[in-house]
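# After the sequence you'll find the predicted model.
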Amino acid sequence: MKLQLDTDQLLPWIGAGVSLGGLIVAASFVIPKLLIRRKLSRFSADKCQKNVVILHGTRRTAGIPAASPFVLKLETFIRMANIPYKYDGNLSNSLGPKGKCPWLSLNGEHVADSQICIEFLQKKFDNPIHNSYSEKELAIARMVRISLEDKIYWELLLWAFVWPGDGQIAVQKFLKFPYLLVKYFNRHYTKLAWAHGVGRHDKETVKSWLLKDVSAVAEILGDNKFLLGEDPCVEDACVFGCLSQLLWGYQSMSHHAAVIRERHQNIVDYCNRMKELYYPDWDQLLEK
């Protein structure tokens, strides 16, 4: 006996299913926006101290104030520029209006992405870091930043979250991430690294690139006190934010960090100099 389906009887159910699916899709867009709006309202101009930056970052860690090079980059710039600020390490506030960390709030304005934050603060505080470097020198500094953020960062990310072995162990031990969270990040960053392109290459190739890229930064740094010479420039914030992770962050447990300490004493000296100059309270900032 064949079951006869009445189209007229099915149509209401189909319509209800389509409506429910539409509601689910709509909710997936609306709810995150409502949550972000609610988060931002907690840092409106009337609820925060005037002209004081609220830096929304990650929680403090045991060896370094921020395990994210981008968070430490922004905090370093703020300190270099002597801008008054408060640090917000509440994990529920870590992701800002673009779903990125870090972000900042200032007098009711909310800005996301470390580089955009720095450019925003430069305008608000009238370019507070002054030096006499030429446009060509500043262009070289910019390219160093881009190399650190768009290449070296990703190469180290593979070691920490994608390749099995000591990187994932270091993340669990240093950041106190549970195993399941590390596995989640493994899947997440594997996809991102593949889309970026660096994840399509074999481990030995990427490791070779990483050492050469860091050596190039060391060559440009040379015997300089700061990246370009005797005076700091804006990009020193990024250089310190990234390279300090290899000395005091979870990346300090990597083979690459050992090579840097052995071959590039100028990088070690540079990071120590920046730390002493801009973070006299370093130990007080660490997770207890």
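Everything's here; your move.
# What part of this protein, helix or strand, is modelled with the least confidence?
Counting by mean pLDDT, DSSP states H and E, the weakest-scoring helix or strand in the chain turns out to be helix 7-41, with a mean of 59.
# Over to residue 106: give its phi and psi.
Here is the backbone geometry of residue 106 (degrees, to the nearest 10): phi -150, psi 110.
# Can you name the element that comes right after the least confident helix or strand of the chain?
strand 53-56 (DSSP states H and E).
# Name the strands paired with that following strand and say parallel or antiparallel.
Partners of strand 53-56 in the sheet, by DSSP bridges, are strand 85-88 (parallel), strand 103-106 (antiparallel).
# Show residues contacting that strand.
Applying C-beta atoms under 8 Å, 6 or more residues apart in numbering, the set of residues contacting strand 53-56 from outside is 43, 48, 71, 74-75, 78, 83-88, 90, 93-94, 96, 101-106, 121. The C-beta positions use only the backbone N, C-alpha and C, and glycine is treated the same way.
# ok, now with 6 Å
For strand 53-56, contacts defined as C-beta atoms under 6 Å, 6 or more residues apart in numbering pick out 43, 48, 75, 83, 85-88, 93, 102-106.
# Extract the C-alpha set from that strand and format it as PDB.
Taking C-alpha atoms only, strand 53-56 is exported to PDB below (Å, rounded to 0.1, in the frame of the first residue of the first chain):
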ATOM      1  CA  VAL A  53      41.600  55.200  27.500                       C
ATOM      2  CA  ILE A  54      40.000  51.900  28.500                       C
ATOM      3  CA  LEU A  55      42.200  49.200  26.900                       C
ATOM      4  CA  HIS A  56      40.200  46.000  26.500                       C
END
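# Low-confidence stretches in the stretch 51-200 of the chain?
For the stretch 51-200 of the chain, no stretch has pLDDT under 70.
# need the contact list for the most centrally placed residue in the chain.
Most central in the chain under C-alpha atoms, centre = their mean is residue 70, positioned 3.4 Å from the mean C-alpha point. Going by C-beta under 6 Å, 6+ apart, residue 70 touches residue 114.
# which element is it on?
helix 69-80.
# Also residue 240?
Element membership of residue 240 [criterion: DSSP H and E] is helix 236-243.
# Which elements pack onto that helix?
Helix 236-243 makes packing contacts with helix 69-80, helix 265-278 when contacts are defined by 3 or more C-beta pairs under 6 Å, 6 or more residues apart in numbering; DSSP states H and E.
# Now distance to residue 188 too, for these, in TSV please.
Output for these, formatted as TSV (distance: least, C-beta to C-beta, whole Å):
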stretch	distance to residue 188
helix 69-80	17
helix 265-278	29
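# which one of those is the most hemmed in?
Highest mean neighbour count among these (mean count of other C-beta atoms under 10 Å): helix 69-80, with a mean of 24.
# now the angle from that one to helix 236-243?
140 degrees (axes from the mean of the first three to the mean of the last three C-alpha atoms, to 10 degrees).
# Quick one: the helices in the stretch 101-250 of the chain, in order.
Taking DSSP state H, counting those that start in this stretch as the test, the helices found in the stretch 101-250 of the chain are 114-124, 135-147, 153-157, 166-175, 179-196, 203-221, 236-243, 245-248.
# could you redo the ones you listed as CSV and give each row distance to residue 260 and mean neighbour count?
Shown next, in CSV, are the helices of the stretch 101-250 of the chain (distance: least, C-beta to C-beta, whole Å; neighbours: other C-beta atoms under 10 Å):
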stretch, distance to residue 260, mean neighbour count
helix 114-124, 23, 18
helix 135-147, 15, 15
helix 153-157, 11, 20
helix 166-175, 15, 18
helix 179-196, 22, 14
helix 203-221, 6, 16
helix 236-243, 8, 27
helix 245-248, 6, 22
